[in-house]
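A.B. asks: Below: sequence and its predicted model.
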Amino acid sequence: MAGSHSVKSEKLEENEGELGGPMFSPPLYRQRYDVVCDIVRKMEARKVVDMGCASGKLLWHLKWIDCIEELAGVDVDVTQLQGNSHILCPLTTDYLMPRKKPLNICLFEGSIGSADSRLYDWDIVCCVEVIEHLHTGTLALVPHALFHQLQPKVVIVTTPNSEFNILFSNFRDFRHWDHKFEWTRDEFRSWADGIASEFNYSVEYSGVGEGPPGSLDKLGWCTQIAVFTRLHIDSECAQCIEENLQPYRCIKEISHPHQLQTPHTTLQQLNDELTYYCHFLADIDCGTETDEEDAERVTHTVCIRLERLMKFGRIKELCPDLDELRSCIRQTEQFHLSPDGDSVLYTHILMSSSNGWNVDDDDGGESDVVDDYQVDNERRVENWNQTITTSPKETTETWD
C-alpha cells in the first residue's frame, strides 16, 4: 500500500526502566489515553477514529464510554487487527445488561496518509504516538488526507518531546528503534501551527509525563499533545469526499447489544430490573439445583427484602426510596409484596442436577459478587466487567 506505515503492538511496548529515566504514575500510555477519554466525554463525542490502532488498547478504553456509538480503528497491519479484535467484542454481561446506546466498531486496513469517505466528518480522530513512525513521504500526506478530506471536528495528536530525552541516562538516538524522528516543542508547534492555519483549525498544546521538579519550563512534558478544533467545514471538499472514496478494507465489524429503541415506562424498566436482580439474589441464596429425585425442576417462593434490592443502583435510580418501590411493585403483575410489605415474593426455579447444572461453577457468594457490582454504578456491572475482564496486557510502560 502506497504511503502506508506499520505500527505493531510489539513495537510499542517497552520496559519503562530501559531508558533509565523518570518513572510515571499512572504510566505514560495511561495518561495519554486519559487525555483522549476526557476530551471524548467533554464533547460527548459519538464517532471516534483511532489512527494506527495496532493492538486496539485505546479502542478498548474508549468502548466503555457511554456517549460513543461508533468506533473505527485504522492500521496497515492486518495481523494486528485480526489478532487483537477479540478484546473489542461484547462480553456475556453486555448481552445481559446492554448499553443504552448502540456501539458499532469497525477495524480497517488502511494508511493514515489516505482518506476514506466512511470516516468523513467524524467527531474525533486520534493519532496517539503515530506520526513519529511515519516516513517523510507518508507524513507529508497526512495534513491533506486528515484535515482537508476527512475534516473531523477534533484531531488529537501526541508525539514524543525530544527535549525531554536528556533525562534518560540510557538514551540513544530515539526512544524507540522504529521512530523516524522525534521533534522538539518548537518543531512540533511549527508543524501543527502550519496545519491549523492552512486547513481552518485552531490548535491548543499540552502534554503528559512531568519530569523532576523545575524541569517543566525548561524541558516540557515527556509526551507533547496538540488538540486541533475545526473552525468550519469545507463544503466543496464534502462533495468530493462523499463520492465513494473507500481505499480502506474493512477487516472486522463488531456490534454491541443495546437497549430497545422504544422507550420503556418506569414500571416496565423496574419490572425488567426486578426480574434480573431477584433471580440473581435467589441463585445466591438457594443455589440453582434441587436434590429431589425424579424432579426436573422445582419452583418455590423466595422472600427478598426491599432494602436489599435498594442496594442496586439501577433500582434506586428508578425508585429513590422504599415507599416508591413498594408502590411500583404493587402495580406489577409478576411481583407481589410480603404481608408486612418489606419483601418482594419471587418464584424461583431449581433445576435437577441431572441436567448438568453445577452450582460450584457459580462465581461465589453474595458478598463477593455484590461488591463487584458496586451497586451505584450507572451500567450496573461496569465494575464487574472490569473485575472479570482484564485490560489488554499492560504490564510495561508504553512509550509510543
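C.D. replies: Perfect, thanks for sending it.
A.B. asks: Need the single longest helix in the protein, by residues.
C.D. replies: Counting by DSSP state H, the longest helix found in the chain is helix 266-286.
A.B. asks: Please identify the buried residues of that helix?
C.D. replies: For helix 266-286, burial by neighbour count (16 or more other CB atoms under 10 Å) applies to 269-271, 273-274, 276-278, 280-284. Quick note: C-beta positions are derived from backbone N, CA and C, even for glycine.
A.B. asks: where does the protein dip in pLDDT?
C.D. replies: Across the chain, residues meeting the criterion (pLDDT under 70) sit at 1-20, 235-243, 260-264, 287-297, 350-400.
A.B. asks: Got the domain ranges for it?
C.D. replies: According to automatic domain parsing, the chain comprises the domains 9-256, 266-362.
A.B. asks: Determine which stretch of the ones you listed is the most buried.
C.D. replies: Between these, domain 9-256 has the highest mean count of neighbours, a mean of 18, where neighbours are mean count of other CB atoms under 10 Å.
A.B. asks: Any idea how far it is from the middle of the chain?
C.D. replies: Centre-to-centre, domain 9-256 and its host chain are 14 Å apart (CA atoms, centre = their mean, to the nearest Å).
A.B. asks: Could you look up the SS state of residue 176?
C.D. replies: Three-state assignment for residue 176 (DSSP: H, G, I helix; E, B strand; the rest coil): coil.
A.B. asks: Just give the nearest non-adjacent residue to residue 331, would you?
C.D. replies: residue 267 (5.9 Å; CB to CB, 6 or more residues apart in numbering).
A.B. asks: Residue 117 contacts residue 245, doesn't it?
C.D. replies: Yes. Between residue 117 and residue 245 there is a contact at 4.4 Å, judged by CB atoms under 8 Å.
A.B. asks: Ignoring the adjacent residues along the chain, who's closest to residue 103?
C.D. replies: residue 256 (4.0 Å).
A.B. asks: Roughly how far does the residue nearest to residue 331 sit from residue 308?
C.D. replies: 21 Å (CB to CB, to the nearest Å).
A.B. asks: again with residue 51
C.D. replies: For residue 51, the distance to residue 308 equals 48 Å [CB to CB].
A.B. asks: for residue 219, same thing?
C.D. replies: The spacing between residue 219 and residue 308, counted by CB to CB, is 56 Å.
A.B. asks: Likewise for residue 49?
C.D. replies: Distance of residue 49 to residue 308, given as CB to CB: 44 Å.
A.B. asks: Export stretch 218-228 to PDB, keeping only CA atoms.
C.D. replies: Below are the C-alpha coordinates for stretch 218-228, written out as PDB (Å, rounded to 0.1, in the frame of the first residue of the first chain):
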ATOM      1  CA  LYS A 218      12.900  24.100  30.600                       C
ATOM      2  CA  LEU A 219      12.200  20.700  29.000                       C
ATOM      3  CA  GLY A 220       8.500  20.400  28.700                       C
ATOM      4  CA  TRP A 221       6.400  17.300  29.000                       C
ATOM      5  CA  CYS A 222       7.600  13.800  28.100                       C
ATOM      6  CA  THR A 223       4.700  13.500  25.600                       C
ATOM      7  CA  GLN A 224       3.600  16.600  23.800                       C
ATOM      8  CA  ILE A 225       0.000  16.900  22.700                       C
ATOM      9  CA  ALA A 226      -1.800  19.100  20.100                       C
ATOM     10  CA  VAL A 227      -5.600  19.300  20.000                       C
ATOM     11  CA  PHE A 228      -7.000  20.700  16.800                       C
END
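A.B. asks: which residues are in contact with it?
C.D. replies: 22, 24, 28, 31-32, 35, 39, 129, 147, 154-161, 163-164, 166-167, 183, 185, 188-189, 192, 195-196, 201-211 (CB atoms under 8 Å, 6 or more residues apart in numbering).
A.B. asks: Select from those every entry located in helices.
C.D. replies: Mapping these onto helices (DSSP H) picks out 28, 31-32, 35, 39, 185, 188-189, 192, 195-196.
A.B. asks: Using CSV, lay out the residues you listed together with distance to residue 90.
C.D. replies: Output for these, formatted as CSV (distance: CB to CB, whole Å):
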residue, distance to residue 90
28, 30
31, 28
32, 26
35, 26
39, 25
185, 42
188, 38
189, 41
192, 37
195, 37
196, 38
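A.B. asks: Now do the same contact list for residue 127.
C.D. replies: Residues in contact with residue 127, defined by CB under 8 Å, 6+ apart, are 51-52, 112, 146, 155-158.
A.B. asks: from the residues you listed, which is closest to residue 87?
C.D. replies: residue 52 (16.6 Å; CB to CB).
A.B. asks: ok, the closest one - contacts?
C.D. replies: 5, 7, 74-75, 112, 127-130, 133.
A.B. asks: between the residues you listed, which is closest to residue 60?
C.D. replies: If you rank the contacts of residue 52 by distance to residue 60 using CB to CB, residue 128 comes first, at 13.0 Å.
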